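[1] Pasting the sequence and the predicted model now:
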Amino acid sequence: MTDTLTLIRPDDWHLHLRDGAALRHTVADAARYFGRAIVMPNLTPPVTRLEGALAYRERIMAQRPDGSDWQPLMVLYLTDNTSPGDIREAHASGMVTAAKLYPAGATTNSASGVTSLERIYPALEAMAETGMPLLVHGEVTHDSIDIFDREAAFIDQQLAPLRVRYPQLRIVFEHITTADAAQFVLSAESNVGATITPQHLMYNRNHLLVGGIKPHFYCLPVLKRNRHQQALRDVVTRGDSRFFLGTDSAPHAQSAKESSCGCAGCYSAHAAIELYAEVFEELGVLDKLEAFASFNGPDFYRLPRNSDRITLSRQPWQVPQVLELGEQPLVPLKAGETVRWKVTAGSFA
Ligand SMILES: NC(=O)N[C@@H](CC(=O)O)C(=O)O
Ligand SMILES: [Zn+2]
Ligand SMILES: [Zn+2]
């Protein structure tokens, strides 16, 4: 049995940091051992243009712990009004890595998202030309589509046609949750990748709904049935280079989750690489963790891999019942439970 595990420093290719008082906590967690993070732009108001992305980056960097080299990689939030000029300006700056498609109404802070893909065709053309990746929250939002079918419907109705229309466009299918999504990525050309969260590898909808509703397991896309969880576990077991680490760690205060209308999002930044290590160990593929966490993401994004390393040790520790988020308590994933792995070298903090 392996008791230590040394990896090239990993990155998080899908992360929510929020803004204001939350940044002190979220940035400290994100920067502890990751090298970089793709920072989601779903603030209120959203980060829609270069200027906003640069200002947000400054606010994030102001909270970066002393001695840390961690880098936030900025993302534009696409709206019906995003112009090709917005994309070209952001790309030319070298300070914006990607742009994100939130179908309007699909998830937390998506009200300003895209109402119909046709409206952003000019922006997507500019992205295909410049090589800027399109990140997608892949769910349709129509009332008539069951929430458990929204990812599969998105593939058929939006993503597959988009691939045909813009074959050069580089797409990251974010936080995939179904066998359908895994299959779509596997059958697509090499310019389609996907992120997988810890919660979608660890849990299925029984964890959310059996024996009482568990609001801290509620995220979007919602946890699916066991068969889909298994398909995601199979895909990381195979070790395909198109799938990479993106936690989707999404902080919501305890009061906002434990509510009659609870917010969607799980917080995992306190233990992210450790949770993935537990899953990969369960699957008997700890040797595949490094490619998933540290190689496949930068390779897809055409960025250099990190060159320094972190070490995890088999050193069980207990996750606190609550963490702080600004002035408010936050209940993290696995609150009060034991995590088997701990990062013991290579931390910035
Ligand atoms: N995943 C979630 O359930 N929530 C995310 C938004 C998102 O990534 O869809 C959030 O910003 O809280
Ligand atoms: Zn999302
Ligand atoms: Zn997210």
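    Good, I have the coordinates. Ligands and ions are numbered 1, 2, ... in the order given.
[2] alpha carbons only for contacts and neighbour counts from here, please
    OK.
[3] from memory Thr130 sits against His91, does it?
    Yes: taking C-alpha atoms under 8 Å as the definition, Thr130 is a contact partner of His91 at 7.3 Å.
[4] Which one's more surrounded, the two?
    His91 (20 against 14; other C-alpha atoms under 10 Å).
[5] got the contact list for that one?
    Thr97, Thr130, Met132 (C-alpha atoms under 8 Å, 6 or more residues apart in numbering).
[6] What's the first helix or strand after the strand ranked longest in the chain?
    If you go by DSSP state E, the chain has its longest strand at strand 309-318. Following strand 309-318 in sequence order, the next helix or strand is strand 323-325 (DSSP states H and E).
[7] now whatever helix or strand comes next after that next one: how far from the chain's centre is it?
    Under the assignment DSSP H and E, the closest C-terminal helix or strand after strand 323-325 is strand 328-330. Averaging C-alpha positions (C-alpha atoms, centre = their mean, to the nearest Å) puts strand 328-330 21 Å from its chain's average.
[8] Report the mean confidence score over strand 328-330.
    Averaging pLDDT along strand 328-330 yields 97.
[9] what's the answer for stretch 99-112, then?
    96.
[10] Show me what counts as buried in that stretch.
    99-107, 109-112 (16 or more other C-alpha atoms under 10 Å).
[11] ok, these vs ligand 1, which is closest?
    Thr107 (4.8 Å; C-alpha to the nearest ligand atom).
[12] doesn't that closest one fall inside a helix?
    No: judged by DSSP: H, G, I helix; E, B strand; the rest coil, Thr107 forms no part of a helix; its state is coil.
[13] show me where the stretch 151-300 of the chain has helices.
    For the stretch 151-300 of the chain, the helices defined by DSSP state H, counting those that start in this stretch cover 160-165, 179-187, 198-202, 205-209, 226-238, 254-257, 272-282, 289-290, 296-301.
[14] Just name the most buried of the ones you listed.
    helix 198-202 (a mean of 23; mean count of other C-alpha atoms under 10 Å).
[15] how far does that helix sit from the chain's center?
    The answer for helix 198-202 is 12 Å, by C-alpha atoms, centre = their mean.
[16] Can you tell me the closest non-neighbouring residue to Leu50?
    Ala90 (5.1 Å; C-alpha to C-alpha, 6 or more residues apart in numbering).
[17] Let me see the contact set for that neighbour.
    With C-alpha under 8 Å, 6+ apart, Ala90 has these contacts: Arg49, Leu50, Val96.
[18] residue contacts, the last one?
    Think Val96. Leu50, Ala53, Leu73, Met74, Val75, Leu76, Ala90.
[19] Next to ligand 1, which bits of the protein? Give me the list.
    Residues of the chain that fall close to ligand 1, judged by C-alpha under 6 Å from any ligand atom: His16, Thr107, Thr108, Cys219, Leu220, Asp248, Ala250, Ala264, Gly265.
[20] Format the residues you listed as a markdown table; extra columns: distance to Arg24.
    Below are the residues of the chain next to ligand 1 laid out as a markdown table (distance: C-alpha to C-alpha, whole Å):
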| residue | distance to Arg24 |
| --- | --- |
| His16 | 13 |
| Thr107 | 24 |
| Thr108 | 21 |
| Cys219 | 23 |
| Leu220 | 25 |
| Asp248 | 18 |
| Ala250 | 15 |
| Ala264 | 21 |
| Gly265 | 19 |
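[21] Considering those residues, which possesses the most neighbours?
    Asp248 (30 neighbours).
[22] Test my guess that Ser249 contacts Ala264.
    No: between Ser249 and Ala264 there is no contact under C-alpha under 8 Å: 10.9 Å.
[23] what inclination does the longest strand of the chain have with respect to helix 272-282?
    80 degrees (axes from the mean of the first three to the mean of the last three C-alpha atoms, to 10 degrees).
[24] ok, strand 309-318: who's next to it in the sheet?
    Strand pairing for strand 309-318, determined by DSSP bridges: strand 4-8 (antiparallel), strand 338-345 (antiparallel).
[25] What residues of the longest one count as buried?
    Residues of strand 338-345 classed as buried: Val339, Arg340, Trp341, Lys342, Val343 (neighbour count, 16+ other C-alpha under 10 Å).
[26] Return it as CSV; C-alpha atoms alone will do.
    Provided in CSV are the C-alpha atoms of strand 338-345 (Å, rounded to 0.1, in the frame of the first residue of the first chain):
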residue,chain,number,x,y,z
THR,A,338,-12.4,11.8,8.0
VAL,A,339,-10.3,12.3,4.9
ARG,A,340,-7.6,9.7,4.4
TRP,A,341,-5.0,11.8,2.5
LYS,A,342,-3.4,15.1,3.4
VAL,A,343,-1.0,17.3,1.5
THR,A,344,2.2,17.3,3.6
ALA,A,345,4.7,19.0,1.3
